[in-house]
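J.: A predicted structure for the sequence below; I have some questions about it.
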Amino acid sequence: MPRFFQKSSNKVGQTPGTAFYVGKPREEPVEITRFEYDADSTVRETVSHVDEAATALSSGKNSWINVDGVHDVEKIQQLGRGFALHPLAIEDITHTGQRPKIEDYGNHLFIVVRMLQWDDKARQVDDEQVSLVLGDTWLLSFQERKGDVFDHVRERLESNRGRLRGAGSDYMAYTLIDAVVDHYFTILEILGEQIEALGEDLTDDPRQEHLASIRHLKRELLFMRKSVWPLREILGAIQRDESRLVDESTRPYLRDLYDHTIQIIDTVETFRDMVSGLMDVYLSSISNRMNEVMKVLTIIATIFIPLSFIAGVYGMNFGYMPELQWRYGYFAILGVMAAVGVGMLVYFRRKRWL
């Protein structure tokens with residue numbers, strides 16, 4: 001399945017708000033983890049039944065409920081009913097090809113971001129949809145599979161570092177988005193190193209396989225731009241909207257996150273220009289190499305033109321050519337040819353053609 005879009009033709013004709021999983025087929029069970037926390041303590045537990053997750057509404061504490069796996073549509077719908085999620089939000093959670101966006105459904109905010117990770121084996125950017133649903137005292141996060149960039153968030157929450165425990169669910173949502181954005185910088189560092197190394201290789205010895213590397217980098221940067229660019233709109237919309245679910249004390253952090261996103265977008269655009277420049281360097285290097293080869297061949301051909309003329313003259317079958325009967329004629333003609341060749345080489349060097 002192409003990375004730039006997901007097949008969704010099976011959804012054609014479905015009623016709006018109908019949950020339908022669109023993504024890679026998966027067989028692993030859905031895992032639900034709940035964190036209940038306040039300024040004094042944090043409790044982490046694995047939820048075995050979906051109905052248990054809804055107890056967060058009456059616990060009196062802030063709750064972060066993370067769901068690994070959205071392929072089990074029935075469980076997602078059950079969880080959505082427990083938290084009174086809008087049907088369109090449930091549909092977008094299971095439709096994993098969503099563009100990053102934000103929707104305000106009154107009693108909850110629905111946010112979609114793209115979590116990017118570097119795949120060393122495939123040497124490419126791997127993306128995953130992360131859906132966040134923010135309520136008054138709770139936050140739901142939905143991931144396509146297990147494994148994310150939130151380990152530091154869990155560690156901070158359990159060790160009571162920073163203001164995470166004492167803040168509300170809106171700050172937890174900011175923290176998760178911030179973790180996603182921070183990981184973009186890690187990927188940019190990897191791509192930047194590859195661009196720099198490729199530029200050095202092109203300068204030293206341009207080869208055909210470098211063309212494939214340039215195309216690969218352009219594709220990865222385009223893929224990353226597709227995921228990062230809409231995030232700026234999301235953060236800008238959160239700052240502009242006066243939702244009661246986002247506390248005023250959280251907005252400065254969101255503005256800082258917005259600045260980080262702008263920095264990432266600028267870096268991505270810069271890298272794209274650099275990769276386009278690498279293509280120009282490659283073509284110029286190949287052209288210069290061809291010009292050098294043609295120059296050498298032209299010089300060789302130019303030197304042999306007068307030599308061929310001399311050999312052609314003395315190759316004619318006339319009976320009265322005095323040099324043909326001269327005892328040293330053969331060696332004299334060779335000497336003349338050598339003198340002409342050396343003279344032309346000296347002339348070319350003085351003209352700086354060599």
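T.: Arrived safely, thanks for sending.

J.: what comes into contact with the lowest-mean-pLDDT helix or strand in the chain?
T.: Least confident helix or strand of the chain, by mean pLDDT, DSSP states H and E, is helix 50-53 with a mean of 80. With contacts defined as C-beta atoms under 8 Å, 6 or more residues apart in numbering, helix 50-53 is touched by 32, 34, 47, 65, 75, 78, 79, 82, 83. Using the backbone N, CA and C atoms, a C-beta is placed for each residue, glycine as well.

J.: buried ones in stretch 239-254?
T.: 243, 245, 246, 250, 253, 254 (16 or more other C-beta atoms under 10 Å).

J.: how much space is there between residue 209 and residue 192?
T.: 20 Å (C-beta to C-beta, to the nearest Å).

J.: Between the two, which is the more surrounded one?
T.: Using other C-beta atoms under 10 Å as the criterion, residue 209 and residue 192 rank with residue 192 on top: 14 against 8.

J.: ok, and the closest non-adjacent residue to that one?
T.: residue 271 (6.6 Å; C-beta to C-beta, 6 or more residues apart in numbering).

J.: With residue 54 instead?
T.: residue 82 (3.4 Å).

J.: List the contacts of the one you found.
T.: 50, 51, 53, 54, 57.

J.: before we move on, what about residue 34?
T.: Residues counted as contacts of residue 34 (C-beta under 8 Å, 6+ apart) are 44, 45, 46, 47, 52, 53, 56, 63, 64, 65, 66.

J.: Just the ones of these in strands?
T.: Among the contacts of residue 34, the residues falling in strands (DSSP state E) are 44, 45, 46, 47, 63, 64, 65, 66.

J.: Sort those residues by pLDDT and name the bottom one.
T.: In terms of pLDDT, the weakest of the ones in strands among the contacts of residue 34 is residue 47, which scores 86.

J.: That residue: neighbour count?
T.: Per other C-beta under 10 Å, the neighbour tally for residue 47 reads 19.

J.: try residue 268
T.: Neighbours of residue 268 using other C-beta under 10 Å come to 21.

J.: burial count for the nearest residue to it once chain neighbours are set aside?
T.: The shortest distance from residue 268 to any non-neighbouring residue, by C-beta to C-beta, 6+ apart, is to residue 225 (5.1 Å). Residues near residue 225, counting by other C-beta under 10 Å, number 16.

J.: so where do the strands sit in the stretch 51-200 of the chain?
T.: 62-68, 101-104, 109-119, 124-134, 138-143 (DSSP state E, counting those that start in this stretch).

J.: Would you mind putting the ones you listed into JSON lines with mean neighbour count and distance to residue 154 alongside?
T.: Formatted as JSON lines, the strands of the stretch 51-200 of the chain follow (neighbours: other C-beta atoms under 10 Å; distance: least, C-beta to C-beta, whole Å):
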{"stretch": "strand 62-68", "mean neighbour count": "23", "distance to residue 154": "9"}
{"stretch": "strand 101-104", "mean neighbour count": "16", "distance to residue 154": "24"}
{"stretch": "strand 109-119", "mean neighbour count": "20", "distance to residue 154": "15"}
{"stretch": "strand 124-134", "mean neighbour count": "21", "distance to residue 154": "15"}
{"stretch": "strand 138-143", "mean neighbour count": "24", "distance to residue 154": "12"}
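
J.: of all the ones you listed, which lies closest to residue 234?
T.: strand 101-104 (4.7 Å; C-beta to C-beta).

J.: Mind listing the strands the closest one pairs with, and their directions?
T.: Strand pairing for strand 101-104, using DSSP bridges, gives strand 109-119 (antiparallel).

J.: Return the alpha-carbon coordinates of the strand it pairs with using PDB.
T.: Taking Å, rounded to 0.1, in the frame of the first residue of the first chain, the C-alpha atoms of strand 109-119 are listed here in PDB:
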ATOM      1  CA  LEU A 109     -11.700  18.200  21.500                       C
ATOM      2  CA  PHE A 110     -10.600  15.800  18.800                       C
ATOM      3  CA  ILE A 111      -7.000  16.100  17.600                       C
ATOM      4  CA  VAL A 112      -5.100  14.100  15.000                       C
ATOM      5  CA  VAL A 113      -1.300  14.200  14.600                       C
ATOM      6  CA  ARG A 114       1.100  12.000  12.700                       C
ATOM      7  CA  MET A 115       3.800  10.300  14.800                       C
ATOM      8  CA  LEU A 116       7.000   9.800  12.800                       C
ATOM      9  CA  GLN A 117       9.800   7.400  13.600                       C
ATOM     10  CA  TRP A 118      12.900   6.400  11.700                       C
ATOM     11  CA  ASP A 119      13.000   2.800  10.500                       C
END
